[in-house]
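Asks: make a model of this:
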Amino acid sequence: MTIRTKTLPNGFTIATEFMPNFKTAALGIWIRAGGRHETEEQNGIAHFLEHMAFKGTKNRTSFQIAEAIEHVGGYINAYTSREITNYYCRVLSEHVPLAMDVISDIVLNSTIEQTEVNVERGVILQEIGQSNDTPDDIIFDWLQETAYPDQPYGRSILGPAANVKAFSSEDLINFTQLHYSPNKMILCAAGDIDHDDIVNLSKKYFLKLSKKAEKRIVPGIFVGGERRVYKDLEQAHFALSFKSSAIKDSDIFVSQIFAVAMGGGMSSKLFQEIREKRGLCYSIFSSIDAGSDTGSFTIYAGTSEDKINELSTVVIDELKRSIETISQKDLDKARAQIKAGLLMGLESTSNRCERLARMLSVWRRIIPLSETIKRIEEVTLLDLRGFAERIFSSSNPALALYGPIKKAPSLEKLKDRLAS
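Replies: So this is what the prediction gives:
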């Protein structure tokens with residue numbers, strides 16, 4: 001594998017990874033323009049803009065955008081997160097120039113006509129409605145809002161329906177002009193590609209853009225609190241979050257290993273105790289959300305109305321016990337899972353692109369795989385226990401409950417149990 005990088009004079013960054021024996025390629029443009037870069041009135045606009053990029057450009061209709069890639073057997077899509085908007089494509093290697101042309105076209109030449117804004121508005125409102133009707137989706141939005149109240153980092157990616165109904169083409173164009181600057185863009189390509197060809201194509205499309213000052217984002221400050229929404233559902237949904245590591249913190253791999261050990265699979269501590277031994281739920285897991293300046297450790301479970309109280313208290317007991325009972329065996333197993341997931345993921349050209357983009361976006365350099373593995377290997381049992389003690393004693397957690405949750409304990413009761 002050969003990784004090469006190049007930064008154009010206007011700040012546009014290019015990273016490529018040649019993967020021998022592949023006949024395909026993935027490429028995409030990652031833009032530091034996500035939910036965190038919106039004002040409260042703009043909440044949802046980055047995601048709306050992502051949709052509009054596929055609705056037509058100066059050179060192609062929406063149908064021609066899709067047809068150009070699908071006609072050669074490729075795949076094109078996009079996503080918006082709190083910190084990034086990404087437009088990406090997968091094609092056979094001989095169609096890389098076409099993919100570059102289409103991706104650059106939708107990023108640079110979207111027409112954002114008001115008639116199309118009105119059409120897509122309806123699509124996004126349907127997407128919001130679908131999310132609201134999916135309890136194990138909406139509860140994570142509520143949990144985020146509770147953990148980070150009145151902050152860009154706590155707002156949903158989709159935004160409220162009222163905002164979506166109000167956005168105009170002018171609003172979208174203004175957001176693009178402010179945030180879609182070359183020094184906030186990273187183009188990554190992986191697979192059967194030639195670095196010099198990618199650089200030359202990047203110059204063709206992006207060198208004409210002018211660098212703009214990059215505004216500082218509002219810091220993410222984990223506050224915590226409780227949100228309870230009663231509804232007559234089959235399941236009571238439980239989500240609990242604690243302040244954890246940001247992506248650049250020295251203990252980021254400690255946090256990730258801890259999350260896997262506690263709820264990262266069928267042999268994890270929470271799964272075994274709560275589902276296998278007690279039969280309190282069908283689904284339970286824990287995960288880490290690590291942003292550029294904040295992070296959280298989260299547990300989710302869904303259970304019945306009559307078991308929500310017991311499930312909640314057993315989760316707290318397991319978290320509390322982990323400070324002393326998490327073992328070397330737990331560490332070794334979780335470490336192996338993370339390493340395997342990392343290495344297996346790198347067999348995908350798309351995952352290779354994502355890795356390059358995220359490292360450049362966060363660390364401004366490509367971290368060698370050996371360095372990442374070394375940091376994973378360096379995590380000790382003392383690190384895990386220290387991490388558990390720190391997050392379960394030093395922060396006010398966030399709790400979100402949805403469904404038939406009248407029997408669920410309050411956050412204060414759970415905090416008291418954790419501290420006792």
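
Asks: quick one: average pLDDT of stretch 75-89?
Replies: For stretch 75-89, the per-residue pLDDT values average out at 97.

Asks: what distance separates the start and the end of that stretch?
Replies: According to CA to CA, to the nearest Å, stretch 75-89 extends 6 Å from its N-terminal end residue to its C-terminal end residue.

Asks: what lies in contact with it?
Replies: Contacts of stretch 75-89 from elsewhere in the structure, counted by CB atoms under 8 Å, 6 or more residues apart in numbering, are 26-36, 46-47, 49-50, 53-54, 65-66, 69-70, 74, 90-91, 99, 102-103, 106-107, 152-153, 157, 217, 291-292, 350, 353, 357, 361. Using the backbone N, CA and C atoms, a C-beta is placed for each residue, glycine as well.

Asks: now which of the residues you listed would you call buried?
Replies: Burial by neighbour count, judged by 16 or more other CB atoms under 10 Å, picks out 26-36, 46-47, 49-50, 53-54, 65, 69, 74, 90-91, 99, 102-103, 106-107, 152-153, 157, 217, 291-292, 350, 353, 357, 361 from those.

Asks: re the thing from before, narrow the contacts of stretch 75-89 to those in helices?
Replies: 46-47, 49-50, 65-66, 69-70, 99, 102-103, 106-107, 350, 353, 357, 361 (DSSP state H).

Asks: starting at the chain centroid, how far to stretch 251-260?
Replies: 17 Å (CA atoms, centre = their mean, to the nearest Å).

Asks: typo on my end, stretch 272-280
Replies: Taking CA atoms, centre = their mean, the mean C-alpha location of stretch 272-280 is offset from the chain mean by 29 Å.

Asks: contacts for that stretch?
Replies: With contacts defined as CB under 8 Å, 6+ apart, stretch 272-280 is touched by 266, 281-282, 284, 301, 303, 307, 310-311, 314-315, 318.

Asks: residue contacts, the residue nearest to Arg365 when sequence neighbours are not counted?
Replies: Excluding its sequence neighbours, the residue lying closest to Arg365 (CB to CB, 6 or more residues apart in numbering) is Met359, at 6.8 Å. Residues in contact with Met359, defined by CB under 8 Å, 6+ apart, are 365-367.

Asks: again, only using 10 Å
Replies: For Met359, the contacting residues are 15, 186, 188, 365-368, 372, by CB atoms under 10 Å, 6 or more residues apart in numbering.

Asks: who's in contact with Ala68?
Replies: Counting by CB under 10 Å, 6+ apart, Ala68 touches 60, 74, 76, 89, 95, 98-99, 101-102, 105.

Asks: make JSON lines out of these and add distance to Glu127.
Replies: Putting those into JSON lines (distance: CB to CB, whole Å) gives the following:
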{"residue": "Arg60", "distance to Glu127": "23"}
{"residue": "Gly74", "distance to Glu127": "24"}
{"residue": "Ile76", "distance to Glu127": "18"}
{"residue": "Cys89", "distance to Glu127": "22"}
{"residue": "His95", "distance to Glu127": "30"}
{"residue": "Leu98", "distance to Glu127": "29"}
{"residue": "Ala99", "distance to Glu127": "26"}
{"residue": "Asp101", "distance to Glu127": "28"}
{"residue": "Val102", "distance to Glu127": "23"}
{"residue": "Asp105", "distance to Glu127": "24"}
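
Asks: tally of neighbours for the nearest residue to Ala419 once chain neighbours are set aside?
Replies: Using CB to CB, 6+ apart and skipping residues adjacent in sequence, the residue nearest Ala419 is Ser393, 7.5 Å away. Close neighbours of Ser393, defined as other CB atoms under 10 Å, add up to 12.

Asks: try Gln337
Replies: Here the count is done by other CB under 10 Å, and Gln337 has 18 residues near it.

Asks: ok so, going back, isn't there a strand covering the residue nearest to Ala419?
Replies: No - according to DSSP: H, G, I helix; E, B strand; the rest coil, the state of Ser393 is helix, so it is not within a strand.

Asks: next up, the contacts around it.
Replies: Neighbours of Ser393 in contact, by CB under 10 Å, 6+ apart: 242, 320, 323, 418-419.
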